[in-house]
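K.L.:
Predicted model and sequence below, questions to follow.
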Amino acid sequence: MENKHIPHFLSPAIENLADVDPNKPEIATYEIGNAKGMKLCATNFGATVMSLKVPAGTQLLDVVLGFDNVENYMSSFSLPSAPYLGATVGRYAGRIGNAEFTLNGRKIKLDKNNGENSLHGGNQGLSRAHWQVQSLSGNAVVFSYKSHDGEDCFPGELQIKLTYQLSDNNEFIVEYEALAKEDTVINLTHHSYFNLEGHKESVVKQKLFVNSEKFLETDGQNVPTGNLINVGVSEFDFRFPKNCPEKIDNTFVLNKKDSLAASLYSINNQLKMEVHTDQPGLHLYVGGNCFNQIDGKEYAKYHATSGICFETQNYPDAPNHAHFPNSILKKGEVYRHKTIYHFITL
């Protein structure tokens, strides 16, 4: 694979963002909707999606896992394995091997919060940051966050803008922009767990399609080795729809000629979700387990197959593999990332 810039690193087009006072964080929730009745509720704690209600036949179905209050989102990071329900993940989504990488000849050491590795940005990450709301309209909410130089050990100040929007075509649109004040690495993603049959069901009978012919080989700690594996010689061939696996934590190489990354389909509700993205990779993860310590919405007991994440992103550990897509955001460049979750009633 050639090493070249991902096309979402473009010329500067993002304004300066105000600071959040860390001593006086104001936590709130925000709701947007569309003309078809679709509704999204989000909080500025982690720029987290708390609910996403989609028309499905005669019902309005909440298709993402979550909690009834923000306090439970905060508490969930103390679970044996934090689920990151609905959270914004970064500065670098996925694992960075041995929690280190080299940038411009300088070795950067990160938090080791996943064995010997760094996961989802380290000990704090964007998932626990207090974001500001830049604007709120009927169908869109715009969050912003300024990540300071050295935050979670990452170099350079990073200004981030995140937009959640609902189209009248029942699309949930996620768009990121980020501007670096010095060279850094970046990989942002959205971490909702989807379930097209509600909060008290398993996803394993819902049909999964992935538009990919290869996935990343990983070592015993689930860190990429640098090799790619053909899906046809593995259990992870979803080029034709089949039941969601009970266990998956793998990154797929996406077809660059087609924005359709994957889809999920519930036969029972005749509801389909298509995932479209401009990113080079899709990390799939089935989970949501809250270990009977925190109840989900509607008093649901989330378990190991409660939902599936479609984490559109660059490859994990890309800063340590020269042949992976570029993960370096240069000073003055803008990172852009767009993903669309399109809901279709069949």
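P.N.:
It's in.

K.L.:
Tell me where the stretch 101-250 of the chain has strands.
P.N.:
Remark: strands assigned in the stretch 101-250 of the chain by DSSP state E, counting those that start in this stretch are 106-109, 118-119, 132-136, 140-147, 158-166, 171-180, 184-185, 189-191, 193-194, 207-210, 214-218, 224-230, 242-243, 249-253.

K.L.:
With mean pLDDT as added columns, please give these in a markdown table.
P.N.:
Formatted as a markdown table, the entries for the strands of the stretch 101-250 of the chain read as follows, by pLDDT from 0 to 100:
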| stretch | mean pLDDT |
| --- | --- |
| strand 106-109 | 98 |
| strand 118-119 | 98 |
| strand 132-136 | 96 |
| strand 140-147 | 98 |
| strand 158-166 | 98 |
| strand 171-180 | 98 |
| strand 184-185 | 98 |
| strand 189-191 | 98 |
| strand 193-194 | 98 |
| strand 207-210 | 98 |
| strand 214-218 | 98 |
| strand 224-230 | 98 |
| strand 242-243 | 98 |
| strand 249-253 | 98 |
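
K.L.:
export the ones you listed to JSON lines and tack on distance to residue 327?
P.N.:
Using the backbone N, CA and C atoms, a C-beta is placed for each residue, glycine as well. What follows is those, written out as JSON lines (distance: least, CB to CB, whole Å):
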{"stretch": "strand 106-109", "distance to residue 327": "12"}
{"stretch": "strand 118-119", "distance to residue 327": "13"}
{"stretch": "strand 132-136", "distance to residue 327": "26"}
{"stretch": "strand 140-147", "distance to residue 327": "16"}
{"stretch": "strand 158-166", "distance to residue 327": "13"}
{"stretch": "strand 171-180", "distance to residue 327": "12"}
{"stretch": "strand 184-185", "distance to residue 327": "5"}
{"stretch": "strand 189-191", "distance to residue 327": "13"}
{"stretch": "strand 193-194", "distance to residue 327": "25"}
{"stretch": "strand 207-210", "distance to residue 327": "22"}
{"stretch": "strand 214-218", "distance to residue 327": "14"}
{"stretch": "strand 224-230", "distance to residue 327": "12"}
{"stretch": "strand 242-243", "distance to residue 327": "32"}
{"stretch": "strand 249-253", "distance to residue 327": "13"}
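
K.L.:
Serialize the ones you listed to TSV and add fields for mean neighbour count.
P.N.:
Below are the strands of the stretch 101-250 of the chain laid out as TSV (neighbours: other CB atoms under 10 Å):
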stretch	mean neighbour count
strand 106-109	11
strand 118-119	27
strand 132-136	14
strand 140-147	22
strand 158-166	21
strand 171-180	22
strand 184-185	24
strand 189-191	26
strand 193-194	22
strand 207-210	21
strand 214-218	20
strand 224-230	15
strand 242-243	12
strand 249-253	22
